[in-house]
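S.K.: Quick one, fold the following:
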Amino acid sequence: MKNKSEATKGYIEILLAGSLWGCIGPFMQGMSNLGAGSGLISLMRQGFGFLMMIPVVLIGCRGFAKLKVDRKSLFILMLMGLFSEAVFNLCYSAAVTRVGVATAAVLLYTAPTFVMILSRILYAETVTSRKVLAIAVNLLGCTLTVTNGDFSGVNFAVTGVILGVLAGFFYATITIFGKYISGDVDPFVMCFYNFLFGTFFLVLFTRPWNLDFSLFSPRFCLLGAGIGLFGTVLPYIFYMRGLSRPIETSRVPLIASVETVVAAVLGVALFREAFGPAKLLGIALVLGSVAISNPSKKEA
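M.R.: Next up is the predicted model:
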């Protein structure tokens, strides 16, 4: 009974993380309108996230003693910062440039498939027909939610598609890496090192010293702080706390995909994006995929 209660808490925390990630759009749009490219926005997210985690670790962990982790965990955290943050952001940005936002977003939602496959290999989680159906329904739902049923902007340039699928794969690795060390490392510490290494590698890749520093107005920095707090620190804390509980790894990205629903609702409310039957059906399918992924009594 205790494990079931803990698992429920974990799934709720993953849901909260996905909901907060869905709120990133207004911050990104504001920074983009001020002249920031995707690389700088990613760097601002990671950088502000790292800075904000310093007092969080200091207070939440009662000092920095817990930052001392074993070499294996530190290596995994470094890989997480490199692949799940830096390389993921670079692949996704490059995919958007080559095939457009809609196609790149759809390809990103191949992540649940990668998580299911990797969870089977690494954690011996069973692949059931229910899970496969849930992933298929989720992918269709995300596609309809993002495109609103209009596929005229969908572009299947080979290089862009490859980069989009790679983005989906690297997006999936945060769940795999996070689950792998969740029993050994405090969630606050995981977030701290994830942002630290993510910032380090993004600095190497984006070379911010070549940027136009006139972009860094008070408004721009305020937006950076907002995306750092609401789009990075809070959702990652919820996400890592959720992964530390006895939950089924392959269900995690399906629940986190509520991000798509929140982003769609905010897009309609704040930016007057088109809202039609296809988008409504897509939202229903995304939420339905979460219900489908819930194991039956026989599977539980």
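S.K.: going forward, measure contacts between C-alpha atoms and count neighbours the same way
M.R.: Will do.
S.K.: now residue 152: how far from residue 103?
M.R.: With distances taken as C-alpha to C-alpha, to the nearest Å, residue 152 is found 10 Å from residue 103.
S.K.: how about residue 156, what does it touch?
M.R.: Contact criterion C-alpha atoms under 8 Å, 6 or more residues apart in numbering gives 99, 103 as the residues in contact with residue 156.
S.K.: In three-state terms, label it for me.
M.R.: Reducing the assignment to helix, strand or coil with DSSP: H, G, I helix; E, B strand; the rest coil, the entry for residue 156 is coil.
S.K.: Dihedrals phi and psi, it?
M.R.: Here is the backbone geometry of residue 156 (degrees, to the nearest 10): phi -110, psi 40.
S.K.: Per-residue pLDDT of it, please?
M.R.: You'll see residue 156 listed with a pLDDT of 79.
S.K.: Repeat that for the one 5 residues further on.
M.R.: Listed pLDDT for residue 161 reads 92.
S.K.: Touching, it and residue 99? I think so.
M.R.: Yes - between residue 161 and residue 99 there is a contact at 7.2 Å, judged by C-alpha atoms under 8 Å.
S.K.: Just the buried positions in stretch 150-164, please.
M.R.: Going by neighbour count (16 or more other C-alpha atoms under 10 Å), the buried part of stretch 150-164 is 155, 160-164.
S.K.: what does stretch 215-222 give?
M.R.: Across stretch 215-222, burial judged by 16+ other C-alpha under 10 Å covers residue 220.
S.K.: now stretch 285-299
M.R.: Residues 285-287, 289-290, 292-293 are the ones in stretch 285-299 that count as buried (16+ other C-alpha under 10 Å).
S.K.: And for stretch 258-268?
M.R.: Taking 16+ other C-alpha under 10 Å as the basis for neighbour counts, the residues of stretch 258-268 that come out buried are 258-267.
S.K.: Which members of the buried residues of stretch 285-299 occur in strands, if any?
M.R.: Counting by DSSP state E, no part of these is found in strands.
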